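Student: Quick check, what structure comes out for this input:
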Amino acid sequence: MFMQRQTLVLLLCCGMTGYFGYHAIHGKHGLEARHGLQERAERLALELKGLETVRSELKREVALLDPRNPDPDFVEELARADLGYARPDERILLETDSRVAALR
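Tutor: Purely as a prediction, here's the structure:
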């Protein structure tokens, strides 16, 4: 009787140890989940750094377009790039597709 009880307690302890050991590694808050969260945090930190760079660049551009004191060079650069403006004394060279140029 005493030996059966010791065996039962031993099996119960081994089972509980196995159960908790498994969940400590593979469980929702286990080591594997922690590793995944650390990798995700690193990726998000890199993404945040990139977004902060973009934000600072946009902030600089907004400051250059301040209505009280716009930067004339930046305004001209935007007009040329986005609207296709050019000065009357400038020559404009258009790049054509080589197949279209060969057909003419």
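Student: Strands along this structure, start to end?
Tutor: For the chain, no strands are identified by DSSP state E.
Student: Quick check, central residue of it?
Tutor: Closest to where the C-alpha atoms of the chain average out (CA atoms, centre = their mean) is residue 47, at 3.1 Å.
Student: so who does residue 17 touch?
Tutor: For residue 17, the contact set (CB atoms under 8 Å, 6 or more residues apart in numbering) is empty. Yep, even glycine has a C-beta here, placed from its N, CA and C like the rest.
Student: Next one: it from residue 10, what distance?
Tutor: Distance, residue 17 to residue 10, by CB to CB, to the nearest Å: 11 Å.
Student: And residue 41, by the same measure?
Tutor: Residue 41 sits 42 Å away from residue 10, taking CB to CB as the criterion.
Student: residues of stretch 39-50 that come out buried?
Tutor: When burial is assessed from 16 or more other CB atoms under 10 Å, stretch 39-50 yields no buried residues.
Student: Excluding sequence neighbours, find me the nearest residue to residue 24.
Tutor: Leaving aside its sequence neighbours, residue 24 sits nearest to residue 30 (CB to CB, 6 or more residues apart in numbering; 5.5 Å).
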